[in-house]
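# After the sequence you'll find the predicted model.
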Amino acid sequence: MTTAEIDFSTTTSIKPVGRRRVLKVMALAGGGLVLGVPRLKAQPAFDPETWPGKPSDAFEYWIEISPDNAITVFIHLAEMGQGITTSVAMLVAEELEADWKDIRVQFAPNGRAYYNRGYGGPLESTGSSASIQGAFGHSREVGGECP
């Protein structure tokens, strides 16, 4: 159908909308959204002593050494272009004094032990350049715990 074939007498025209009307509608819609937000419960206090996945649990959560001396480092952070898989593996390899060719990387499963330590509390998240901040000391300690 071309524009020559369209009967414009049957179409409705668009009415101009004033700025005040737009603001009123936005205020009403926004107020409805605010009223629909449920009350949030307070989070329990964070206690690092009860957090699983401490460096002393290295072989349970973080490192696996196979009979052929291949070392698998479990990375608990999302790789978003910041090189976290390489950084964490290098920190562990340095502490183990391992040859880089023996290092393997595998992403860890979800769970409390693998929360991002860079946020100072139990969050399963990556962002704000907190990954290497939270993983630096922890990864070195994990590597240092291994014989």
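That came through fine. As the structure is a computational prediction, the values presented were derived from the model and not from experiment.
# shaky segments in the chain?
Scanning the chain for pLDDT under 70 picks out the ranges 1-4, 6-11, 29-51, 55, 58, 116-128, 147.
# mind redoing it with 90?
1-65, 69, 73-85, 87-88, 91-92, 94-96, 107-147 (pLDDT under 90).
# where do the strands sit along it?
Using DSSP state E, the strands of the chain run over 63-65, 71-75, 103-107.
# Give me the residues contacting the last one.
This points to strand 103-107. Residues from elsewhere that reach strand 103-107, judged by CB atoms under 8 Å, 6 or more residues apart in numbering: 70-76, 85-86, 88-89, 92-93. In short, each C-beta sits where N, CA and C put it, glycine included.
# That strand - which strands sit beside it in the sheet, and in what orientation?
Strand pairing for strand 103-107, determined by DSSP bridges: strand 71-75 (parallel).
# From H138, how far out is the closest residue to I132 other than its chain neighbours?
Spatial nearest neighbour of I132, excluding adjacent residues (CB to CB, 6 or more residues apart in numbering): S87 at 5.5 Å. Per CB to CB, to the nearest Å, S87 is found 12 Å from H138.
# how long is stretch 101-113 end to end?
Across stretch 101-113, the terminal residues are separated by 27 Å (CA to CA, to the nearest Å).
# Likewise for stretch 57-69?
End-to-end for stretch 57-69, by CA to CA: 19 Å.
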